[in-house]
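Undergrad: Quick one: sequence plus predicted model below, questions after.
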Amino acid sequence: MDINMIDLMDLEDLDMLETTRRPDRHRHRVNPFELSDEDFRYKYRFSKRFGEKIVGILREDLVHDPRGCPLSPEIQVVCALRNWARHEIQDDTAGLHSVSQPVVSRTCKKVAEILSRNSREFIKMPTTLNEQQETIRKFRSIANFPTVIGAIDCTHIRVKKVNADGGQLYINRKGFSSINVQVVCDADLKIMDIVTRWRGSVHDSRIF
């Protein structure tokens, strides 16, 4: 057999091997918004309507990355929602949406940063007299509460164990690591103010 022919066959075998090893950069992904309302809520802990609303708010900021395997705004949002709502490891979220774990990590960070930048547009106390009077009217209609524009309370949001100096200050009275978050809501349970800077060991009275 001609030596050049052997070399050619070796190159073909090598090419087949590399093709086998090379990851598919254009994976088929199912659009989660094609799920039924019930299935969507089960997977993401949000209604499909609310998920679509979040995508609409963030769409312009969730631009496609032309390099690698670009993700649509829809996939970016649901990856973040799934990981946050289900408290699962990022590998599981990645497998469900046919992406890698590092992509999920970057996506969660990106979506969180964009939500934070837009928060002031949606999380705000009533500022005009008409807004305040409408809020007071709604509270009065619930149980005849007089002159109330907000209900305030604190809740502990679980976080991963903090091993750095001062990590013990995140341990709350129930024995797990958290941040103690103060929330003010209106009569429709819409959040109007939120404070997230206090560690779990801090008592509610200090935050108020």
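TA: Perfect, thanks for sending it. Just so we're clear, the structure is a prediction, and the values are computed from it rather than from any experiment. Residues are numbered from 1 along each chain as shown.

Undergrad: low-scoring pLDDT stretches of the protein, where are they?
TA: 1-28, 64-69 (pLDDT under 70).

Undergrad: If we use 50, what do you get?
TA: Regions of the chain meeting the criterion pLDDT under 50 cover residues 1-26.

Undergrad: And the helices in the protein, which stretches?
TA: 3-21, 37-44, 48-58, 73-86, 90-96, 101-122, 129-143, 204-207 (DSSP state H).

Undergrad: Tell me which other helices or strands the last one touches.
TA: If you count contacts as 3 or more C-beta pairs under 8 Å, 6 or more residues apart in numbering; DSSP states H and E, helix 204-207 packs onto strand 151-158, strand 178-185, strand 191-199. In short, each C-beta sits where N, CA and C put it, glycine included.

Undergrad: name the helices or strands packed onto the longest one?
TA: In terms of contacts (3+ C-beta pairs under 8 Å, 6+ apart), strand 191-199 is packed against strand 178-185, helix 204-207.

Undergrad: Could you identify which of the ones you listed is most buried?
TA: Most buried of those, by mean neighbour count (mean count of other C-beta atoms under 10 Å): strand 178-185, with a mean of 18.

Undergrad: What pairs with it, parallel or antiparallel?
TA: With DSSP bridges as the test, strand 178-185 is paired with strand 151-158 (antiparallel), strand 191-199 (antiparallel).

Undergrad: Turn those into JSON lines, including mean neighbour count.
TA: Rendered in JSON lines, the data for the strands paired with strand 178-185 read as follows (neighbours: other C-beta atoms under 10 Å):
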{"stretch": "strand 151-158", "mean neighbour count": "13"}
{"stretch": "strand 191-199", "mean neighbour count": "14"}
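
Undergrad: Among these, which comes closest to residue 126?
TA: strand 191-199 (7.2 Å; C-beta to C-beta).

Undergrad: now the closest one, how far from the centre of its chain.
TA: Average the C-alpha atoms of strand 191-199, do the same for its chain, and the two points are 17 Å apart (C-alpha atoms, centre = their mean, to the nearest Å).

Undergrad: Ok, stretch 160-168 next?
TA: Centroid displacement of stretch 160-168 relative to its chain, using C-alpha atoms, centre = their mean, is 23 Å.

Undergrad: what distance separates the start and the end of that stretch?
TA: 12 Å (C-alpha to C-alpha, to the nearest Å).
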